[in-house]
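[1] 3D model of this:
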Amino acid sequence: MGNESMTRFETPDDSERSQELADLFWALGDPFRLSIVEFLRTAPRTVTEITEHVHAPQPNVSRHLKALRERGVLATSREGKWVHYSLRPEALSRMARWVGQGGSEWRTPLAGRNAAGEQAPRDEKAILFID
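    Residues are numbered from 1 along each chain as shown. As a prediction, the model looks like this:
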């Protein structure tokens, strides 16, 4: 019985991984934070550069940067008085792997079926595009 938040098929490791992924999706689920992540794809940036790019007050930008950093999306490095924010590729890679694995797993039960759920002819194939 114990922990009601876990289904009977989850292990503690599964629950921890699920929480990590949920945090990543939450962090990227906000359009403002997503625009910051997009901007950081090309190079590390300072708060000043990010603020100018997103046209928002610095306190708002800092709040969103903190949320992204706390969820493992961003890393920081200090150069003198400047703090540079950069993407943590391992966090985004973990998310991409999950989407890629999940996409193929979700398609597998339906791969041989037509829209009505009936067995499709063998030459039909399900195609999953991930950009």
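
[2] now Arg41, what are its backbone angles?
    phi -60, psi -30 (degrees, to the nearest 10).

[3] what's across from Arg78 in the sheet?
    With DSSP bridges as the criterion, Arg78 is bridged to Val83.

[4] number of residues surrounding it?
    8 (other Cβ atoms under 10 Å). Where C-beta positions appear, they are placed from N, C-alpha and C, glycine not excepted.

[5] same check on Ala91?
    Quick note: Ala91 (other Cβ under 10 Å) scores 21 neighbours.

[6] worst-scoring helix or strand of this structure, pLDDT-wise?
    Every helix and strand of the chain was ranked by mean pLDDT, DSSP states H and E. The lowest is helix 89-107, at a mean of 70.

[7] list the buried residues in stretch 25-32.
    27-28 (16 or more other Cβ atoms under 10 Å).

[8] only alpha carbons, please: show that stretch as CSV.
    The C-alpha coordinates for stretch 25-32 follow below in CSV (Å, rounded to 0.1, in the frame of the first residue of the first chain):
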residue,chain,number,x,y,z
PHE,A,25,8.4,19.6,-19.7
TRP,A,26,7.0,22.1,-17.2
ALA,A,27,10.1,24.3,-17.6
LEU,A,28,9.7,24.3,-21.4
GLY,A,29,5.9,24.5,-21.3
ASP,A,30,5.9,28.2,-20.9
PRO,A,31,6.3,30.2,-24.1
PHE,A,32,8.5,32.8,-22.5
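
[9] now that stretch: mean pLDDT?
    The predicted model assigns stretch 25-32 a mean pLDDT of 90.
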